[in-house]
Structures are given as C-alpha cells and as structure tokens.
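Q: take a look and give me a structure for this.
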Amino acid sequence: MNCASKEDEMYSPVPYKLEIPTLFANKLIAPIIPVDNPLTKEGVALGKKLFFDKILSGNDAQSCASCHQPQNAFSDNQQFSLGIDKKLGTRNAMPLFNLAWNFDELFNWDGKEFSLENQAFEPVTNPIEMHENWINVVQKLENHPEYPALFLQAFGSSNIDSTLVTKAIAQFERTLISGNSKFDKYLLGEATLTTEEENGFNIFMDEAKGDCFHCHGSNNNPLWTDNKFHNNGLDTNFTDLGLGAVTGDPNDNGKFKSPSIRNLAYTAPYMHDGRFATLEEVINHYSEGLQRSSTIDPLMKKVNQGGVGLSPKEKADLKAFLLTLSDPSFLNNPSFKE
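A: Numbers count the residues shown, from 1 in each chain. Okay, the predicted model is just below:
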C-alpha cells in the first residue's frame with residue numbers, strides 16, 4: 001500500500017455545523033459552503049491557527065489577525081494597516097463576519113476577489129502587506145513541528161500547498177458569525193429599544209429622512225448590507241476607482257462595497273479609505289456632505305441639496321439605533337480568539 005492510500009484511509013475529519021442565528025435562518029437562504037471545501041472541525045481549527053500565525057509573513061511578524069483584529073470585529077482601528085516593511089496600505093481593513101452569506105461571493109472593497117478562498121491568496125504576497133511568497137510559506141509550514149499533521153487531519157494530505165492553506169483560512173472565516181446584537185434581541189422579543197433608538201430606526205427606514213435601508217438592509221435583512229457596490233457621494237473626482245479599476249467600466253468608477261453596519265461600535269474608522277473617524281462624521285456626510293460625480297448612485301436622491309438634511313436630534317437618534325446593531329458576544333466568543 002502506498003503512502004497516498006494510507007493517508008486516504010486516515011482521512012476522516014468531523015463535519016462542522018455552523019451556529020446559524022434564528023433571524024438568519026428565518027430570513028436568509030442557506031450560507032454558501034463550496035462543495036470542494038466543506039466545513040470540518042479539523043479544517044476550521046487549522047484555519048484559525050493559520051489566521052493568527054505570523055508564519056505566513058515574510059519576516060514572521062504579521063498574521064491575518066494583525067489587520068483583522070477580533071477586538072475590532074476583525075477590522076483595524078487604524079485608517080490604513082501597516083505592512084511588514086512599515087508601508088501603509090491605501091484602504092481600511094474590512095471587518096470580517098457573516099461572510100458565508102455574501103451570495104455574490106465578491107470580496108474586498110472593490111470586489112476584485114471571487115470567493116473567500118481566492119481572497120486569502122493575495123495578502124500573503126502583497127508587497128505592502130505580508131510580503132512573502134508561497135514557496136517560502138509552504139516550506140515553513142512543512143518544516144513546522146505541528147502543521148503537517150494538522151493538514152493531514154484536515155485534508156487527508158501532509159503535502160501542503162497554497163490551495164489547502166487558503167481553504168483552511170476560508171473555513172475559519174465562514175464560522176465568524178455575528179447575529180446577537182440588541183436589535184436582534186429586540187426583533188426576537190427579548191429586548192426593548194429606548195425611545196431614541198426606536199426613533200433612529202424609523203429615520204433609518206424613512207425615505208424622506210435617513211433613507212439608509214436600500215444599501216444597508218433592514219429588519220428583514222439581518223446582514224445589514226446589500227453586498228453591492230455604490231458610489232455614495234464621497235468625492236467629485238476619484239483617486240481610487242474602486243470597482244471601476246476591476247471591471248474597466250468607467251460607469252463603475254468610485255463604487256465600493258456597502259459594508260455591513262453591524263458592529264459599528266468597534267470598526268472605526270469608516271469608509272473604504274477610513275476617512276471618517278466617528279459615526280457622527282459618517283452621519284454628517286449623508287446629511288449635508290454628499291458630492292456629485294458622474295457615477296453618483298441614484299439612491300443618493302438628495303445629492304443636489306448636499307444630503308438628507310437631518311436635524312441634530314435626528315442625527316443623535318440615528319446614531320443610537322446604529323449602535324444597537326453591535327454585538328459584544330461576537331468580540332468575546334472564545335472560538336474566534338487566538
């Protein structure tokens with residue numbers, strides 16, 4: 001019997017069952033789990049170890065978690081993350097949660113990566129980020145005292161390659177589910193909102209007021225994002241083309257993915273370039289800071305007036321509602337910590 005068949009005999013990973021929140025189960029279709037990368041306990045555990053391991057970087061000083069920190073809902077509290085060569089990126093690190101319900105499977109601010117597996121490839125070799133090459137990564141993992149056995153348990157092979165590394169990381173990332181905020185509990189009849197929070201939700205949903213729900217979901221969309229790409233009036237001229245740089249279509253210039261508004265208490269600064277340090281600044285942008293450009297989204301209906309024109313009280317109530325979507329149990333889940 002050759003080695004490969006022995007490995008096949010040993011390969012019996014245990015299926016991993018996602019803990020899907022009640023509202024997700026009631027209001028969303030099933031999460032996307034690729035047929036060639038099913039979730040297993042061994043695969044998820046391996047992916048978690050790799051996510052927090054600095055071995056993936058060129059100088060063993062940076063991990064995925066360096067820029068996607070659990071205490072910040074797997075985002076970075078810096079405007080731009082610092083790579084291993086002390087170079088700054090040009091975009092704010094996106095938070096990571098509820099990724100298995102991104103049904104278009106287009107990831108990054110500009111949607112350039114299709115699937116979580118593909119998304120995990122690029123940061124390792126990016127010269128501004130981890131600045132390593134996959135040949136070195138594989139060698140380091142193969143020479144590690146633990147990883148060969150862990151890959152064997154997870155994938156039935158101790159022959160490590162970049163595909164298996166990114167499959168494992170993607171498995172772990174699909175377990176990062178956030179669905180236990182105060183507003184979730186309110187919708188389930190387990191909590192009550194203050195008058196300010198309830199007013200804020202009504203402003204959020206009112207097309208004559210905040211008009212936020214088209215891009216950022218509603219009580220019927222627990223993702224709190226449409227996962228689509230929009231020009232939300234940040235600039236008149238673009239230094240970053242966003243989706244347009246990916247598609248080559250000038251009609252896509254200045255369009256970026258709508259991030260989920262869950263966990264805003266932890267994910268500052270905001271926007272693709274982290275230009276807004278506070279939620280107040282974000283709300284002020286939509287209220288009176290909209291900039292017209294050739295690709296402005298039609299949903300920015302009041303761009304000619306500069307925005308939706310909320311009063312100070314309306315702004316405060318809207319912020320109060322937005323904060324009810326933050327989920328402290330997500331930050332404190334030991335399954336998501338190193």
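Q: can you map out the strands along the stretch 101-250 of the chain?
A: Secondary structure of the stretch 101-250 of the chain by DSSP state E, counting those that start in this stretch: the strands cover 106-107, 113-114, 229-230.
Q: just put those strands in JSON lines and tack on mean pLDDT.
A: Supplementary listing: the strands of the stretch 101-250 of the chain in JSON lines, determined by pLDDT from 0 to 100:
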{"stretch": "strand 106-107", "mean pLDDT": "98"}
{"stretch": "strand 113-114", "mean pLDDT": "97"}
{"stretch": "strand 229-230", "mean pLDDT": "98"}
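Q: and of those, who's closest to residue 191?
A: Between residue 191 and the strands of the stretch 101-250 of the chain, the shortest separation by C-beta to C-beta is 30.8 Å, and it involves strand 229-230. For glycine as for every other residue, the C-beta is placed from the backbone atoms N, C-alpha and C.
Q: the nearest residue to residue 191 once chain neighbours are set aside: neighbour count?
A: Of all residues beyond its chain neighbours, the one nearest residue 191 is residue 185 (3.7 Å), with distances taken as C-beta to C-beta, 6 or more residues apart in numbering. When counting by other C-beta atoms under 10 Å, one arrives at 16 neighbours for residue 185.
Q: ok, now the one 10 residues further on?
A: Residues contacting residue 195 under the criterion other C-beta under 10 Å number 9.
Q: just residue 278 next, same as before
A: Burial of residue 278, expressed as a neighbour count using other C-beta under 10 Å, amounts to 12.
Q: for the closest residue to it other than its chain neighbours, list the residues it contacts.
A: Of all residues not flanking residue 278 in the chain, residue 268 sits nearest, at 6.6 Å (C-beta to C-beta, 6+ apart). Residue 268 makes contacts with 77, 276, 277, 278, 279, as judged by C-beta atoms under 8 Å, 6 or more residues apart in numbering.
Q: how does it look with 7 Å?
A: Residues in contact with residue 268, defined by C-beta atoms under 7 Å, 6 or more residues apart in numbering, are 77, 277, 278.
Q: now the second one: closest residue in space that isn't a chain neighbour?
A: Nearest residue to residue 277, sequence neighbours excluded (C-beta to C-beta, 6+ apart): residue 269, at 5.0 Å.
Q: and that neighbour, how far is that from residue 331?
A: Shown here: residue 269 relative to residue 331, a distance of 18 Å by C-beta to C-beta, to the nearest Å.
Q: what do you get for residue 256?
A: Relative to residue 331, residue 256 is positioned 25 Å away (criterion: C-beta to C-beta).
Q: who has more neighbours, those two?
A: residue 256 (22 against 19).
Q: please, where are all the helices along the stretch 101-250 of the chain?
A: For the stretch 101-250 of the chain, the helices defined by DSSP state H, counting those that start in this stretch cover 116-119, 122-125, 134-142, 147-155, 162-174, 182-187, 195-205, 213-216, 243-247.
Q: out of those, deepest packed?
A: The highest average neighbour count among these, using mean count of other C-beta atoms under 10 Å, belongs to helix 162-174 at a mean of 23.
Q: helices and strands around it, which ones?
A: Packed against helix 162-174, as judged by 3 or more C-beta pairs under 7 Å, 6 or more residues apart in numbering; DSSP states H and E, are the following elements: helix 41-52, helix 116-119, helix 134-142, helix 147-155.
Q: in a markdown table: the strands of the stretch 101-250 of the chain, plus distance to residue 140.
A: Rendered in a markdown table, the data for those read as follows (distance: least, C-beta to C-beta, whole Å):
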| stretch | distance to residue 140 |
| --- | --- |
| strand 106-107 | 26 |
| strand 113-114 | 24 |
| strand 229-230 | 36 |
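Q: minimum distance to residue 85: which of these has it?
A: With distances scored as C-beta to C-beta, the stretch of those nearest to residue 85 is strand 113-114 (22.6 Å).
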